[in-house]
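Undergrad: Here is the input, now give the coordinates:
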Amino acid sequence: MSDKETIHSEASGSGLPPGANGHYRSAGSTVVVNRGPSPLVWLMLGVLTLLALAVIFVLPGVVEEYELPFTPRAEVTEIVAPVATAAVGTNPISPFEEAQRALQRKEAQDVLASLLTRQAELESLGVEDWAAEAYQTALEFARLGDEAYRIQEFAQATEQYRSSDAALQALQEGLPQMFADVMAEGAEALANGDSALASEKFGRALTMRPQDSDAQLGLQRAGTLDQVTALLAEAEDLQAQADYEAAQSRLQEAVTLDQYHDEARNMLTEVRAQISENTFTGVMSEGFAALQAGNSESAIAAFERALAMRPGSQQAQEAITQTRDQLAVDQITRHQNNAKTAEAEERWEAAVAEYDSALAIDANLVFAIEGRDYAQKRLQLDRLLQSAIEQPGRLADTAVHEQAVQVYYTGLQLESPGPRLQQQLGELEELLAKAQVPVEVQIVSDNLTEVTLYQVGVLGRFESQVLTLKPGQYVAVGTRPGYRDVRTEFEVGFDGRSAPVTIACTEEVVAVNRR
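TA: Residues are numbered from 1 along each chain as shown. From the prediction side, this is the model:
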């Protein structure tokens, strides 16, 4: 039918509503009606035009943003929107189908965006170094998705993209275990002394986790492993030669290079223990040698050094105890012998001191207790005898004389008196005998002085008087009115002779007038 149609009809029989698309005329005239497409056709043409514009201006940007660069991109050709025709039936794809395809395209692009994000993350972690095969498999799915996308098989593209995304996700989720495995392999390589393999493994681990401190440490240890291994070999040779000091130096150097190397640390501990044992044994031997030579004090000093080196050592403690016991026995024996020598020489004060020294070591020593008691008594006797001999004048005193007699007889009763005691008893006996023999003593005065002789009595005034006095010390006192008193001390000797004694007040006292 043409766009314009001439309809001849009567006005009453036209069937068009007033104001319909046409020009209405009076009755009996010819009516010419201009008819265009219906509103539905216009709507469909508008939709198709919008879709064509979207394909031209929007879709190329979306595809360029999300499409993987797995295969060379075909040159983008200009898409010319089809010219809408007056007949709707000329478009092979319905608007509904076109909308469905747009939704599928959007879904494919969303999945593509996810896998692109995963791909970037994995490549930043060096995925091709530790999962190359699995990674290529995932990329293959993406390539298949690209091919389907290019021929606008969007559902198939989405499926392939999902497979790729799932494969990449599996790599991400398996990363912790793969990291743990490669770290374990690196540790095993270190333990086996394979520095190249250890460097490879820890290097791979660092591509997975660049900031991981354990992986960094492992790579560092791998870098010094060959040096450490060489030092351990040298140390073993030196140990075999018993050169432990040099071996310790090598092992200390190895531990400095790698403080986490178990074998180096263990060997260093063993060598140090051996050096300590050798030093300890040497000091103990030094102590036993001193003990054998009779130098107990040097032996104890050596054993104490050994105990300081190894606190709690039963061997050193027992050696100290035994040596001290032996030293105590030696000291006690020496004091005992010294005491006996002093007794034999009648040096009683020295004998008492030796017994005291022995008792200071062991207060329960019977010989020292009894020996000290005897020596102390002999010391007291010796002092009394010597005092009486050195101060014979005191024998004039009756009490002193009686005491001296008792001391004399005490010494006389002792068995086997030594030379000193015999000499003391002889001298005291002679003094005691002379002390009883009176001696004539002439006392001279001025017949004006009142004379008193202590130990005798008042003699009165006289010019000369002869008294018979026993040997000893005497004191005479003279008094006279108006004169200063006088006092004279004199001694009557044991030789039977005595010089005259003069006593008289001759110094006049001048009286002082007092008002």
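
Undergrad: switch to C-alpha atoms for all contacts and neighbour counts from now on
TA: Will do.

Undergrad: Pull the distance from stretch 405-423 to the chain's centre.
TA: 73 Å (Cα atoms, centre = their mean, to the nearest Å).

Undergrad: Could you export that stretch as PDB, CA atoms only?
TA: The C-alpha coordinates for stretch 405-423 follow below in PDB (Å, rounded to 0.1, in the frame of the first residue of the first chain):
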ATOM      1  CA  VAL A 405     107.400 -21.600 151.000                       C
ATOM      2  CA  GLN A 406     104.200 -23.300 149.600                       C
ATOM      3  CA  VAL A 407     105.300 -22.600 146.000                       C
ATOM      4  CA  TYR A 408     108.700 -24.000 146.800                       C
ATOM      5  CA  TYR A 409     107.300 -27.300 148.100                       C
ATOM      6  CA  THR A 410     104.900 -27.500 145.200                       C
ATOM      7  CA  GLY A 411     107.700 -27.400 142.700                       C
ATOM      8  CA  LEU A 412     109.700 -29.800 144.800                       C
ATOM      9  CA  GLN A 413     107.000 -32.400 144.600                       C
ATOM     10  CA  LEU A 414     107.000 -32.500 140.800                       C
ATOM     11  CA  GLU A 415     108.500 -35.600 139.200                       C
ATOM     12  CA  SER A 416     111.400 -35.200 136.800                       C
ATOM     13  CA  PRO A 417     111.800 -31.500 137.100                       C
ATOM     14  CA  GLY A 418     113.700 -29.800 134.300                       C
ATOM     15  CA  PRO A 419     116.800 -27.700 134.600                       C
ATOM     16  CA  ARG A 420     114.900 -24.500 134.800                       C
ATOM     17  CA  LEU A 421     112.700 -25.700 137.700                       C
ATOM     18  CA  GLN A 422     115.600 -27.100 139.500                       C
ATOM     19  CA  GLN A 423     117.500 -23.900 139.300                       C
END
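
Undergrad: so which strand or helix has residue 187?
TA: Using DSSP states H and E, residue 187 sits in helix 154-191.

Undergrad: That helix: which residues count as buried?
TA: 154-169, 171-172, 175, 178-179, 182-183, 185-187, 189-190 (16 or more other Cα atoms under 10 Å).

Undergrad: right, and the helix or strand after it?
TA: helix 195-208.

Undergrad: Pull out the buried positions in that next one.
TA: Residues 195, 197-208 are the ones in helix 195-208 that count as buried (16+ other Cα under 10 Å).

Undergrad: again, but for stretch 450-467
TA: Buried-residue list, stretch 450-467, by 16+ other Cα under 10 Å: 450-453, 461-462.

Undergrad: Show me which pair in those is furthest apart.
TA: 453 and 462 (13.1 Å; Cα to Cα).

Undergrad: where along the chain do the strands fall?
TA: 4-7, 31-34, 439-444, 450-453, 457-460, 464-469, 472-479, 486-492, 501-502 (DSSP state E).

Undergrad: what stretches of the stretch 401-515 of the chain score poorly on pLDDT?
TA: 511-515 (pLDDT under 70).

Undergrad: and with 90 instead?
TA: For the stretch 401-515 of the chain, the stretches flagged by pLDDT under 90 are 401-402, 412, 415-416, 428-440, 455-456, 469-474, 491-499, 509-515.

Undergrad: Now do residue 315, the pLDDT please.
TA: At residue 315, the model reports a pLDDT of 89.

Undergrad: For the residue lying closest to residue 149 once chain neighbours are set aside, give me its contacts.
TA: Closest residue in space to residue 149, ignoring its immediate chain neighbours: residue 157 at 5.2 Å, by Cα to Cα, 6 or more residues apart in numbering. Residues in contact with residue 157 (Cα atoms under 8 Å, 6 or more residues apart in numbering) are 108, 144-149.

Undergrad: so how far is stretch 395-408 off the chain centroid?
TA: Using Cα atoms, centre = their mean, the distance between the centre of stretch 395-408 and that of its chain works out at 78 Å.

Undergrad: repeat for stretch 490-500
TA: On Cα atoms, centre = their mean, the centre of stretch 490-500 falls 89 Å from the chain's centre.

Undergrad: ok so, going back, can I get the buried residues of helix 195-208 in JSON lines with distance to residue 494?
TA: Converted to JSON lines, the buried residues of helix 195-208 look like this (distance: Cα to Cα, whole Å):
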{"residue": "195", "distance to residue 494": "114"}
{"residue": "197", "distance to residue 494": "119"}
{"residue": "198", "distance to residue 494": "116"}
{"residue": "199", "distance to residue 494": "117"}
{"residue": "200", "distance to residue 494": "121"}
{"residue": "201", "distance to residue 494": "120"}
{"residue": "202", "distance to residue 494": "117"}
{"residue": "203", "distance to residue 494": "120"}
{"residue": "204", "distance to residue 494": "123"}
{"residue": "205", "distance to residue 494": "120"}
{"residue": "206", "distance to residue 494": "120"}
{"residue": "207", "distance to residue 494": "124"}
{"residue": "208", "distance to residue 494": "124"}
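
Undergrad: Return the member of those residues nearest to residue 394.
TA: For these, the nearest to residue 394 is residue 195 (107.6 Å; Cα to Cα).

Undergrad: tell me the contacts of the closest one?
TA: Contacts of residue 195 were listed using Cα under 8 Å, 6+ apart, and they are 189, 222-223, 225-226.

Undergrad: ok, now residue 477?
TA: 451-454, 485-488, 503 are the contacts of residue 477 under Cα under 8 Å, 6+ apart.

Undergrad: Identify the farthest-apart pair in those residues.
TA: 454 and 485, at 15.0 Å, using Cα to Cα across the contacts of residue 477.

Undergrad: quick revisit: closest one of the buried residues of stretch 450-467 to residue 257?
TA: Checking these against residue 257 with Cα to Cα, the nearest one is residue 453 at 108.1 Å.

Undergrad: What sits closest to the closest one if chain neighbours are left out?
TA: residue 476 (4.4 Å).

Undergrad: Give me the number of neighbouring residues for residue 409.
TA: Residues lying near residue 409 (other Cα atoms under 10 Å) number 12.

Undergrad: hang on, I meant residue 481
TA: Residue 481 has 12 nearby residues by other Cα under 10 Å.

Undergrad: With residue 406 instead?
TA: Neighbours around residue 406, by other Cα under 10 Å: 12.

Undergrad: and it, how far is that from residue 470?
TA: Computed with Cα to Cα, to the nearest Å, the distance linking residue 406 and residue 470 is 20 Å.

Undergrad: coming back round to it: how near is the residue nearest to residue 453 to residue 135?
TA: Counting by Cα to Cα, the gap from residue 476 to residue 135 is 140 Å.

Undergrad: burial of residue 272, as a residue count?
TA: 16.

Undergrad: wait, isn't it in contact with residue 248?
TA: Yes - assessed by Cα atoms under 8 Å, residue 272 is found in contact with residue 248 at 6.9 Å.

Undergrad: so residue 388 makes contact with residue 428?
TA: Yes - Residue 388 lies in contact with residue 428 (Cα under 8 Å); the separation is 7.0 Å.

Undergrad: shared neighbours, those two?
TA: Common contacts of residue 388 and residue 428, defined by Cα under 8 Å, 6+ apart, comprise residue 404.

Undergrad: What number of residues are in the vicinity of residue 251?
TA: Neighbours around residue 251, by other Cα under 10 Å: 27.

Undergrad: Could you check how far residue 210 is from residue 368?
TA: 85 Å.

Undergrad: the more surrounded of those two?
TA: residue 368 (23 against 14).

Undergrad: Tell me who's in contact with the closest residue to that one other than its chain neighbours.
TA: Once flanking residues are discounted, residue 368 sits nearest to residue 355: 5.1 Å by Cα to Cα, 6+ apart. Listed by Cα under 8 Å, 6+ apart, the contact set of residue 355 reads 335-336, 339, 368-369, 371-372.
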